[in-house]
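Chemist: Any chance you could fold what I've pasted below:
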Amino acid sequence: MTHSDDRPPRLHIGLLDFEPLRVAGFESVFADEPRIAVERIPEAKALADGVFDMVMVSLGNPVETFETLARLRAAHSKLRLVVMGIESDEETIISAIAAGAKGYLQVTASPEQVMQCIEVVEAGSIWAPRRVLSAFVDRMLHSSEKPVLRHHFKFTGREREVMRLLIAARSNKEIADTLGIEERTVKAYVARLMRKVGVENRIALSIQVATRTLVISDEE
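Modeler: I've put the predicted structure just below:
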């Protein structure tokens with residue numbers, strides 16, 4: 001992408017897991033914004049220190065995408081992350097935020113909305129549909145008033161599998177189908193995990209796991 005002057009761009013944005021056509025669309029959106037440079041990148045470059053101010057990630061498989069967000073956040077806590085996907089459901093968007101995203105854009109977003117999202121995220125705030133932000137705040141305010149334990153936890157292999165799918169915003173039925181177990185068994189696992197961690201809803205549990213505030217180890 002070329003710029004109207006030789007000054008380095010103030011905002012360098014990496015595009016991760018986007019197909020070439022989508023990248024071309026971003027380049028078109030930012031063509032008249034010399035302060036912004038966009039570049040299609042592999043994850044290894046996204047993890048490089050100090051290269052990018054912001055990384056936009058295409059939401060493919062939720063589990064893999066959220067794990068990518070967690071790796072990027074762990075490597076660079078100040079890196080601003082934005083997710084773009086076709087999903088519009090509340091659980092997926094909240095889970096993306098829990099995993100480290102500061103913004104969520106649907107693929108149908110207009111160029112104006114993309115620019116607004118970048119400006120909001122760059123300023124340090126969160127960009128997401130208002131209804132989702134309201135739900136996120138409400139659930140956090142009504143999550144457990146008990147202090148969340150932040151020690152080493154021991155989880156069984158099955159509990160770890162359930163948590164991995166939980167942070168990907170999978171429903172109980174989807175988790176049950178994936179693991180080949182009964183839906184009521186999934187509910188029992190989720191309830192057990194919430195008691196073990198000290199939270200009262202699955203969103204709070206997802207946030208604790210996705211943000212790595214829990215140190216997880218396998219049981220012998």
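
Chemist: residues making contact with stretch 157-170?
Modeler: For stretch 157-170, contacts defined as C-beta atoms under 8 Å, 6 or more residues apart in numbering pick out 61-63, 66, 89, 91-92, 94-95, 98-99, 155, 174-175, 178-179, 186, 189-190, 192-193, 202, 205-206, 209-210, 216, 218. (Each C-beta comes from the backbone N, C-alpha and C, glycine too.)

Chemist: how is the chain carved up into domains?
Modeler: What automatic domain parsing lists as the domains of the chain is 11-137, 152-218.

Chemist: Export those to CSV and append columns for mean neighbour count and mean pLDDT.
Modeler: Below are the domains of the chain laid out as CSV (neighbours: other C-beta atoms under 10 Å; pLDDT from 0 to 100):
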stretch, mean neighbour count, mean pLDDT
domain 11-137, 17, 89
domain 152-218, 17, 79
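
Chemist: For residue 65, see how far away the residue nearest the centre of the chain is.
Modeler: The centroid of the chain falls nearest to residue 96 when counting by C-alpha atoms, centre = their mean (2.8 Å). Distance of residue 96 to residue 65, given as C-beta to C-beta, to the nearest Å: 8 Å.

Chemist: Overlap in contacts, the two.
Modeler: When C-beta under 8 Å, 6+ apart defines a contact, the residues bordering residue 96 and residue 65 alike are 59, 83, 85.

Chemist: doesn't residue 109 make contact with the last one?
Modeler: When you say that, I think you mean residue 85. No: with contact defined as C-beta atoms under 8 Å, residue 85 does not count as touching residue 109 (10.6 Å).
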